[in-house]
Every structure is written in C-alpha cells, then in structure tokens.
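Enquirer: When you get a sec, could you give me coordinates for this:
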Amino acid sequence: MDTSAYLKAVVEQTSTLADWVDGQDVAAPVPTCPRWTLADLVDHVGATQRMVTMLVGERMTEPSRAFAGYVPCPTDSAEWRAWLTDGATEAKQAFESVADDTPVWDPSGAAAGVPFWSRRLFGEACVHRADAAAALDMRYELEPEHAVAAIEDWLDTMTSRGYWENRPDFADGMRGSGQTLHFHATDAPGEWLARREPDKVVLEHTHTKADVAVRGPATELLLVLSRRRPLDAARTLEVHGDQALLDQWIDHMDWVTDS
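Expert: The predicted model follows:
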C-alpha cells in the first residue's frame, strides 16, 4: 500500500468506528485496553490523528508543538461521529499536501517521515477499531490484505530502533541470542521472521524454519500479535515449535494497554 491508499483506508476505518461509537456510553469499558473507557479510546484515535495532521501538514521536524497541540474529544458522545470523521478527513488532506520525501519527524529512528505516519495511522485505525468492537460487541472484519498491512505496521514499529531505544523494558525483555519467530498469514501474502539479537530485533520478510512459527488468517494473526485476542482463543491459528517463546513475545506487547 502507498500513502494515498493508507489514508483512504484510514478515512474508511474511522468512519466505521465513528458510526459504532456515536451516542454510546462514554464510560463503557474497553476490555482489550483494561485501563480505558470508550471515551479514552475515542480521544486517543481522534487526538492522534490531529497530532499527526499537524506534524505532516506543517512539515515539522521537531514534535513538541504538535504534542502540545493535543485536542481532547467532546464530552458528549453524540458529537463523536463528526469529530472523528472530520479528524480523518483533515489527516488525509494533510498527507495530500506533501510528498513522501518531505522531511517530517517520526519516532522510528529511521527518518521514515511521511510514509511512516501514513502507515502508522492506518495501523492505529485497524487495531483501535478492534478495541471498539470488543467494547460494543460488534463484529470485527478486516480485508486480509489490510490485515497484512496492519501486521507489517505493528511488527515494524515494535522492532524499530526508535522503539527499542525509547522502551528499555521492551529492549530488556526482547534481548536474545538469535531466537527466531515466524509469522505467516495464510489468506494473503505476508510472512515475517523476527530474530532476537542482543541489541535489536531484526525483522525480515522470508519463509524459513524458526524456533516457533504461527500461521493462519491475517486478521486473527493481527489480533493475537496486537494482544486484542488471547492466543488460546484464536482457533484458526496453528503454532509449531517453542510456544513459550511466542508467549514471551506477546507478553512484551504491553504498550497496547497504554496507547
């Protein structure tokens, strides 16, 4: 997917989310993010999109002003639909005003800029719509190709140099000596090999033997890797090899309960 495709999908995903949360109980718990209410979820999605809109639209190479420009969601859930859809539309327009090589700050450590943020907003929309589905007992569906793209965002973000350096708890938990995990989507092209090294996690796109392999439909794989569905509830996934290694990996995806 390219930047325009990511942002088109962000608008579509956010529109569905907006329809789901419109007029709902602001205090409804979000079981996949135990410390969040539905208001927290809506606030996070919309505020993040607005922050990224400012970063990209104003071509910021330093993020403090965008962070300081936090815009909270309305307290009345009847206003959420318009607030969310307006934020997604404004984000799409901001990305349309720049080129992929326009200098924009991002936390990856790779100076990925505009492409990083387009994919990150897409991944956020996919995963947080799953949170809303869990909170509101809605059916969560995602095209396999979109699920693969969201997995790519998730894994690439988690294994980025910036994430490793800024989350010492994750780094300490993921240090290794070459242990490998293979993730394989079976309904759309998508394979990843994560190799734990002493100073980083190396992510490759390859099919090879690993210490543990998990394979199955892309959407279920996304939900498990992002801790939106327990592994023992993912009936369509197959796990081969050292499951303890996979359990440890999933256990260290703990940032999802805070963001």
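Enquirer: Quick one: list the elements packing against the longest helix along the chain.
Expert: Ranked by number of residues, the top helix in the chain under DSSP state H is helix 113-136. Packed against helix 113-136 by the contact rule (3 or more C-beta pairs under 8 Å, 6 or more residues apart in numbering; DSSP states H and E) you find helix 3-21, helix 38-57, helix 80-96, helix 144-158, helix 218-225. Any C-beta I mention is one placed from the backbone N, CA and C, and that applies to glycine too.
Enquirer: Between helix 113-136 and the last one, find me the angle.
Expert: Between helix 218-225 and helix 113-136, the angle formed by their directions is 90 degrees, by axes from the mean of the first three to the mean of the last three C-alpha atoms, to 10 degrees.
Enquirer: For helix 218-225, give me every contacting residue.
Expert: When contacts are taken as C-beta atoms under 8 Å, 6 or more residues apart in numbering, the neighbours of helix 218-225 outside the stretch itself are 126-127, 130, 140-142, 144-145, 147-148, 150-151, 154-155, 183-188, 190, 214-215, 228-231, 234, 236-237, 250, 253.
Enquirer: Confirm for me that residue 11 is in contact with residue 92.
Expert: Yes - counting by C-beta atoms under 8 Å, residue 11 does reach residue 92; the two are 5.5 Å apart.
Enquirer: So the two - more neighbours on which side?
Expert: Neighbour totals were compared for residue 11 and residue 92, and residue 92 leads with 21 against 16 (other C-beta atoms under 10 Å).
Enquirer: That one contacts residue 10, doesn't it?
Expert: Yes - the criterion here is C-beta under 8 Å, and residue 92 meets it with residue 10 at 6.8 Å.
Enquirer: Mind splitting this structure into its structural domains?
Expert: Partitioning the chain according to automatic domain parsing yields domains covering residues 3-141, 154-257.
Enquirer: okay if I get these as JSON lines plus mean pLDDT?
Expert: As requested, these are arranged in JSON lines below (pLDDT from 0 to 100):
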{"stretch": "domain 3-141", "mean pLDDT": "96"}
{"stretch": "domain 154-257", "mean pLDDT": "93"}
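Enquirer: Could you find the closest non-adjacent residue to residue 116?
Expert: Sequence neighbours aside, residue 106 is the residue nearest to residue 116 in space, at 4.3 Å (criterion: C-beta to C-beta, 6 or more residues apart in numbering).
Enquirer: which SS class is the one you found?
Expert: Applying DSSP: H, G, I helix; E, B strand; the rest coil to residue 106 yields a three-state assignment of coil.
Enquirer: check contacts around the residue nearest to residue 163 when sequence neighbours are not counted.
Expert: Across the structure, with C-beta to C-beta, 6+ apart as the measure, the residue nearest residue 163 apart from its sequence neighbours is residue 157 (6.2 Å). With contact taken as C-beta under 8 Å, 6+ apart, residue 157 is in contact with 108, 120, 123, 163.
Enquirer: Repeat that for residue 7.
Expert: Counting by C-beta under 8 Å, 6+ apart, residue 7 makes contact with 91, 92, 95, 96, 118, 121, 122.
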